[in-house]
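Colleague: quick one, fold the following:
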Amino acid sequence: MRVVQIIDSLEIGGAERMAVNYANALSEKIEFSGIISTRKEGPLLNQIDRNVAYLFLNKKNKIDIKAVFRLRKYIRQNKVDFIHAHSSSFFIAVLVKLTFPKIKIIWHDHYGSRAKESKKENRVLIFMSLFFYSIFVVNLQLKEWSEKNMLCKRILFIPNFTLDRNELQRTTILKGTEGKRIVFLANLKKPKNHISILKAFLNLKLHELDWSLHLIGKDYFDSYSDELKKIMKSNSLEEYIHIYGERSDVKNILSQVSIGILASTEEGFPVTLLEYGLAELAVVCTNVGYCSSLIEEGMTGLLFNPYSENEIESQLMRLVDDNNLRKKLGINFKQSVLENYSEEMVIKKLILAYKE
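Modeller: Residues are numbered from 1 along each chain as shown. I've put the predicted structure just below:
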């Protein structure tokens, strides 16, 4: 079997990390594994294994004929059987199929918000699904949406996974007191809902208890980012809430914290939660998307309604107040991730899905 992953960029994001994870893991299991970035490179380039065949298309426009034929050449030269197209990269995959009909396209939907969208908002995608061989989705709401709206009817749920491999990078040293650090690993944008967590941190006066909050993820320096910084500055929290931007040494960062938070108002299947689990963190998490399937309330983590300030504050304070609870949840969650979302288990399911 010969498979290439296609993704629009190699910046740090959930779909991007999964494309790299699939390419790396498959390289040890199948005859040929490749990965192509269509528009932009980024920090994840350094995480692609040497035995994965990489290509950067440098696509300039939505319809870039030169990029289409560079991709076609790569597929023919490497005798690729399947294009595994993640998120919006389905468009160039279909353009290639029009010039090379025998190639099979797997489209992988990571976008949790799509479950609330209309057919009209997705009319191009729905039309192009005529050319898909299969659709993979990251949660059951997306599966239901695709079954209802898409023209391709071979639809499968494939859970995410994260690679528990050693990272040599140890570049980020977090500020704050050891044992009292909270991490929020998500790009600074909607619907990640950072503001609710900043407000909870402030209302609970966690800084007075010497706790600190660490925001790891791309800063777009836009109105969303400005509002976060305004809250920090107006409440003199800069010493306790820290924004680091994009970082690639995630495993190293998570080894320095005690609590992991995710607060999205919309979510697919967050790889971040799996990373928290492998790091044995106590997790307090939104209940949207696949999160409530990943987290068992009170056993592997604590859940909250992202629109409820009271729930967020109550659940966060439970973890801050109880070191034994933090330890128990961290141990249980790591065990759950290893048992249910291991690389070996998911890749076996993925290969079977390619063959269906």
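Colleague: give me the helices and strands touching the helix or strand that contains residue 196, please.
Modeller: Here residue 196 sits within helix 194-203, counting by DSSP states H and E. Counting contacts by 3 or more CB pairs under 8 Å, 6 or more residues apart in numbering; DSSP states H and E, helix 194-203 packs against strand 181-185, strand 212-216, helix 223-234, helix 309-321. (C-beta placed from N, C-alpha, C; glycine too.)
Colleague: out of the ones you listed, the one nearest residue 43 is which?
Modeller: strand 212-216 (12.2 Å; CB to CB).
Colleague: distance from the chain centre to that closest one, please.
Modeller: Relative to its chain's centre, strand 212-216 lies at 18 Å (CA atoms, centre = their mean, to the nearest Å).
Colleague: what does stretch 126-143 give?
Modeller: On the basis of CA atoms, centre = their mean, stretch 126-143 sits 18 Å off its chain's mean C-alpha point.
Colleague: so that it lines up with my notes, have the first residue be 22 from now on.
Modeller: In the new numbering, first residue 22, that becomes stretch 147-164.
Colleague: give me the residues contacting the helix or strand hosting residue 91.
Modeller: For residue 91, the element it lies in under DSSP H and E is helix 86-98. The contact list for helix 86-98, computed with CB atoms under 8 Å, 6 or more residues apart in numbering, reads 25, 27, 55, 57, 59, 76, 78-81, 101, 104, 113, 116-117, 120-121, 124.
Colleague: for residue 136, which non-adjacent residue is spatially closest?
Modeller: Of all residues not flanking residue 136 in the chain, residue 162 sits nearest, at 3.9 Å (CB to CB, 6 or more residues apart in numbering).
Colleague: do you know how far the one you found is from residue 131?
Modeller: According to CB to CB, to the nearest Å, residue 162 and residue 131 sit 13 Å apart.
Colleague: more crowded one of those two?
Modeller: residue 131 (25 against 17; other CB atoms under 10 Å).
Colleague: what sits against that one?
Modeller: Residues in contact with residue 131 (CB under 8 Å, 6+ apart) are 35-36, 39, 107-108, 159, 289-290.
Colleague: how about the strands in the stretch 22-171 of the chain?
Modeller: 23-30, 53-61, 74-77, 103-107, 125-130, 155-158 (DSSP state E, counting those that start in this stretch).
Colleague: put together JSON lines for the ones you listed, with mean neighbour count on each row.
Modeller: What follows is the strands of the stretch 22-171 of the chain, written out as JSON lines (neighbours: other CB atoms under 10 Å):
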{"stretch": "strand 23-30", "mean neighbour count": "24"}
{"stretch": "strand 53-61", "mean neighbour count": "23"}
{"stretch": "strand 74-77", "mean neighbour count": "17"}
{"stretch": "strand 103-107", "mean neighbour count": "25"}
{"stretch": "strand 125-130", "mean neighbour count": "24"}
{"stretch": "strand 155-158", "mean neighbour count": "23"}
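Colleague: now those strands in a markdown table, with mean pLDDT?
Modeller: What follows is those, written out as a markdown table (pLDDT from 0 to 100):
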| stretch | mean pLDDT |
| --- | --- |
| strand 23-30 | 98 |
| strand 53-61 | 97 |
| strand 74-77 | 97 |
| strand 103-107 | 98 |
| strand 125-130 | 98 |
| strand 155-158 | 98 |
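Colleague: adding distance to residue 87, write those strands out as JSON lines.
Modeller: Listed next are the strands of the stretch 22-171 of the chain as JSON lines, based on distance: least, CB to CB, whole Å:
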{"stretch": "strand 23-30", "distance to residue 87": "16"}
{"stretch": "strand 53-61", "distance to residue 87": "12"}
{"stretch": "strand 74-77", "distance to residue 87": "13"}
{"stretch": "strand 103-107", "distance to residue 87": "18"}
{"stretch": "strand 125-130", "distance to residue 87": "20"}
{"stretch": "strand 155-158", "distance to residue 87": "28"}
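Colleague: domain map for this protein?
Modeller: 23-182+363-376, 202-361 (automatic domain parsing).
Colleague: could I get those as JSON lines with distance to residue 191?
Modeller: Shown next, in JSON lines, are the domains of the chain (distance: least, CB to CB, whole Å):
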{"stretch": "domain 23-182+363-376", "distance to residue 191": "14"}
{"stretch": "domain 202-361", "distance to residue 191": "5"}
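Colleague: quick one: closest of the ones you listed to residue 193.
Modeller: Taking CB to CB, domain 202-361 is the member of the domains of the chain nearest to residue 193, at 5.2 Å.
Colleague: distance check, residue 312 against residue 173.
Modeller: 27 Å.
Colleague: likewise for residue 320?
Modeller: 37 Å.
Colleague: how about residue 143?
Modeller: In terms of CB to CB, residue 143 sits 13 Å off from residue 173.
Colleague: would CSV of the helices and strands packed on helix 215-224 with mean neighbour count be doable?
Modeller: CSV is the format used below for the helices and strands packed on helix 215-224 (neighbours: other CB under 10 Å):
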stretch, mean neighbour count
strand 202-206, 24
strand 233-237, 24
helix 244-255, 14
helix 330-342, 18
